[in-house]
Each structure stands twice: as structure tokens, then as C-alpha cells.
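**Student:** Starting from these lines, generate the structure:
(one chain, ligands or ions: 1)
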Amino acid sequence: MTIPTTLLSSGHPMPLLGLGTWPLDDHASARAVESAMGLGYRLVDTASRYENEVGVGQGLAASGVDRAELFITTKLRGADQGYDATRDALHASLDRLGLDYVDLYLIHWPLPRLDRYVESYRAMIDLAAEGLVRSIGVSNFREHHLDRLIAETSHVPAVNQIQLSPALARTDLRRYLTDRGITVEGWSPLGQEEGVLTEPVIQEIAAAHGRSPGQVVLRWHVQQGIVTIPKSASPERQRSNAEIFDFALTEDDMARIAGLDRGEDAARDSDEHEEF
Ligand SMILES: NC(=O)c1ccc[n+]([C@@H]2O[C@H](COP(=O)([O-])OP(=O)(O)OC[C@H]3O[C@@H](n4cnc5c(N)ncnc54)[C@H](OP(=O)(O)O)[C@@H]3O)[C@@H](O)[C@H]2O)c1
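**Tutor:** Residues are numbered from 1 along each chain as shown. The predicted model follows:
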């Protein structure tokens with residue numbers, strides 16, 4: 001199975017679909033990553049905070065896939081924000097992953113109370129110049145965080161990874177990102193917490209296309225150019241989640257799905273949410 005890519009502003013292609021790895025531990029993530037690689041996945045999303053980078057690295061090594069084919073994302077945890085700490089954190093992540101570079105390094109949360117995301121990002125610009133990171137970006141950033149980051153560093157992040165599903169469609173934030181050439185990547189794409197998969201609209205559209213509700217929801221993401229990273233430890237669901245590039249949702253399907261959006265206020269507040 002070949003998964004299509006989208007071109008990042010950094011000039012590097014990124015697969016439109018990859019494997020999420022939270023909350024898998026080292027053992028489970030090694031198995032899940034090896035299985036996903038066998039199915040044709042090439043993008044893996046991990047984070048220092050998931051404490052599974054060792055397992056992800058083991059799964060990648062066991063798969064035997066060429067490094068050049070892989071697209072590995074990891075993230076800077078809150079506890080490591082700051083210029084020097086960011087540099088040390090990336091080296092520690094590379095050691096755990098067993099890699100010489102990562103394809104994408106993201107600031108996990110802005111944590112505005114710390115006021116260190118700009119200096120953390122400056123360290124990431126330098127790490128990219130040194131070849132230890134191919135592309136750099138952010139996660140859970142809102143418009144005002146990005147306005148400041150771009151103004152103070154003159155650098156536009158390649159990616160913003162945000163909570164996104166038909167129940168949290170975030171159309172205004174997505175328009176802001178697209179206008180600036182920032183690729184949108186969605187976490188919790190299946191909208192499990194919001195019960196998206198059991199929504200009658202999703203189930204009806206799935207039945208009409210002869211697909212599963214999960215495939216309809218993931219198709220909704222990639223059809224809009226959003227990079228999606230569903231997590232599954234099950235090889236069957238990994239396969240089914242990736243089999244979404246051979247059908248299309250109609251305009252009517254998209255309009256009906258748009259009715260599920262609960263609005264921006266339903267998303268986690270990036271000014272308040274703290275995790276380290
Ligand atoms: N940047 C951030 O702050 C942030 C926050 C949260 C998550 N993330 C990343 O985003 C990834 C995805 O988000 P997520 O794990 O929260 O949510 P998700 O991928 O939308 O949902 C994962 C859950 O859905 C199940 N599942 C997977 N495929 C399914 C299908 N086709 N039908 C029914 N159930 C299915 C999985 O169980 P099985 O394993 O049993 O299949 C798992 O319980 C994470 O793994 C992580 O890498 C990033």
C-alpha cells in the first residue's frame with residue numbers, strides 16, 4: 001500500500017497518514033510500529049512525553065525499512081522548553097530512537113505561562129540548520145501564539161499538530177494555518193471522546209460507501225489535505241485505517257459531516273492546558 005504525501009513548506013514531503021503511538025509503552029509501540037511498517041505506513045508520531053521512543057526505534061529497526069523512506073516525528077515536552085534544554089532534549093530523543101535525525105520536531109504545547117516557546121523554537125531552527133531535524137513545527141498553537149512566534153523568529157513553522165475531527169473542525173484556525181503555508185496535522189482524528197464514530201451521519205455515509213465509520217472520518221481529514229495519525233495497536237485496524245485512498249466523499253457527504261462541528265470552544269484551551 002502506498003500512502004500519498006503532502007509537500008511541507010520546508011520542501012520535504014510528509015505522508016498524509018501515519019501511526020499515532022500514544023499511549024503505547026515501549027513494548028506495545030515496537031510491535032505496533034513494526035506491523036504498521038509492514039502494511040506500508042512510513043510516518044510515525046511519537047513524543048518525549050509518551051516515553052515510548054525506545055520502543056518506536058526498536059519497531060523501526062525491526063521493520064528493516066530504509067531510513068530515507070521513513071518520516072519520524074517527535075516532540076519537545078514542556079519540562080524541556082528553553083534554548084539549551086531543547087537542544088539537549090533533541091539529542092536525548094535521537095539516542096532513544098536510535099536515529100541520526102528526525103523528520104519533524106514539534107513543540108508539544110505552547111505553555112505560555114512559562115514564556116519559553118520562542119527561545120525553544122530558536123533552538124529548533126539551529127538544530128534544523130545542523131541537520132539533526134528536517135522540518136520544525138508546533139503543536140496545539142493558536143493564532144496568537146503563532147503570530148508572536150513568526151514575528152520574533154521570522155520563521156514560519158512547517159506544521160501545526162492540533163486536535164481535529166468532524167466534531168472539532170476548527171475551520172478558522174485551519175484557514176489561518178493554510179493562509180500561511182502551515183500544514184495542518186490532526187490528533188485524536190477519530191473523535192472518540194466526542195463519539196464521532198457512532199454519529200448516525202457518519203454511520204449512514206459509511207454504509208452508503210461500503211466503508212467503516214473510521215474510514216469515513218479519516219477520509220474526511222485527508223480529502224482536505226490534513227495529515228492524520230490514527231493510533232491503533234491492532235494490525236487489522238491499522239490496515240483498515242490506511243485503506244482510505246481509493247474512495248472519495250461527495251460534496252453532500254462533506255456538508256453533512258460539517259454539521260457535527262461543536263465549535264472552537266470545545267477544543268482544549270492552549271493558553272490554559274499544561275503538561276510537562
Ligand atoms: N500533540 C498532541 O498534543 C497530541 C495529543 C494526543 C494525541 N496525539 C497523537 O495523535 C495520535 C492519535 O490520537 P489519539 O490516539 O488520541 O486518537 P485516535 O487515533 O483518534 O483514536 C485512537 C483510539 O481509537 C481506536 N481505533 C483506532 N482505529 C480505529 C477504528 N478504525 N475504529 C474504531 N476504533 C479505532 C484505538 O484502539 P486500538 O489501538 O485498539 O485500535 C484507540 O483506542 C496519538 O496516538 C498521538 O500520537 C498528539
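
**Student:** What does the pLDDT read for the closest residue to the ligand within the stretch 151-276 of the chain?
**Tutor:** Of all residues in the stretch 151-276 of the chain, the one sitting closest to the ligand is Gly214 (2.6 Å; C-beta to the nearest ligand atom). Heads up, the C-betas are built off the backbone N, CA and C, glycines and all. Predicted confidence (pLDDT) for Gly214: 98.

**Student:** what sits against it?
**Tutor:** By C-beta atoms under 8 Å, 6 or more residues apart in numbering, the residues touching Gly214 are 190, 197, 230, 237, 240-241.

**Student:** Identify those among the residues you listed that sit within helices.
**Tutor:** 237, 240-241 (DSSP state H).

**Student:** If any of the residues you listed are buried, give me the ChimeraX selection for them.
**Tutor:** Buried residues among the ones in helices among the contacts of Gly214 (16 or more other C-beta atoms under 10 Å), as a ChimeraX selection:
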select :240,241
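
**Student:** returning to that earlier point: intersect the contacts of Gly214 with the contacts of the ligand.
**Tutor:** The subset of the contacts of Gly214 within reach of the ligand, by C-beta under 6 Å from any ligand atom, is 190, 197, 230, 237, 240-241.

**Student:** pLDDT below threshold where in the chain?
**Tutor:** Under the criterion pLDDT under 70, no range of the chain is flagged.

**Student:** Could you list the residues of it in contact with the ligand?
**Tutor:** So far as C-beta under 6 Å from any ligand atom goes, the chain lies against the ligand at 20-22, 45, 108, 139-140, 161, 187-190, 192, 197, 212, 214, 229-234, 237, 240-241.

**Student:** These in strands, which ones?
**Tutor:** 20, 45, 139, 161, 187 (DSSP state E).

**Student:** In CSV, list the residues you listed along with neighbour count.
**Tutor:** Formatted as CSV, these follow (neighbours: other C-beta atoms under 10 Å):
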residue, neighbour count
Gly20, 23
Asp45, 26
Ser139, 23
Gln161, 25
Trp187, 18
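
**Student:** what's the most distant pair in these?
**Tutor:** The largest separation in these, counting by C-beta to C-beta, is between Gly20 and Ser139 at 12.4 Å.

**Student:** Surely Val201 and Leu260 touch.
**Tutor:** Yes: using C-beta atoms under 8 Å, Val201 is in contact with Leu260, at 6.4 Å.

**Student:** Of those two, which one has the most company?
**Tutor:** The neighbour comparison of Val201 against Leu260 (other C-beta atoms under 10 Å) goes to Leu260, with 20 against 17.

**Student:** My reading is that that one is in a helix; is that accurate?
**Tutor:** No: using DSSP: H, G, I helix; E, B strand; the rest coil, the assignment for Leu260 is coil, not a helix.

**Student:** which residues does it contact?
**Tutor:** 166-167, 169, 196, 199, 201-202.

**Student:** Now with 10 Å, please.
**Tutor:** 165-169, 191, 194-196, 199, 201-202, 217, 220 (C-beta atoms under 10 Å, 6 or more residues apart in numbering).

**Student:** just Asp100 next, same as before
**Tutor:** Taking C-beta under 10 Å, 6+ apart, we find Asp100 in contact with 67, 94, 131-132.

**Student:** now do Asp95
**Tutor:** Here Asp95 is in contact with 53-54, 57 (C-beta under 10 Å, 6+ apart).

**Student:** what ranges do the helices span in the stretch 151-276 of the chain?
**Tutor:** Using DSSP state H, counting those that start in this stretch, the helices of the stretch 151-276 of the chain run over 171-179, 200-209, 213-222, 235-242, 251-258.
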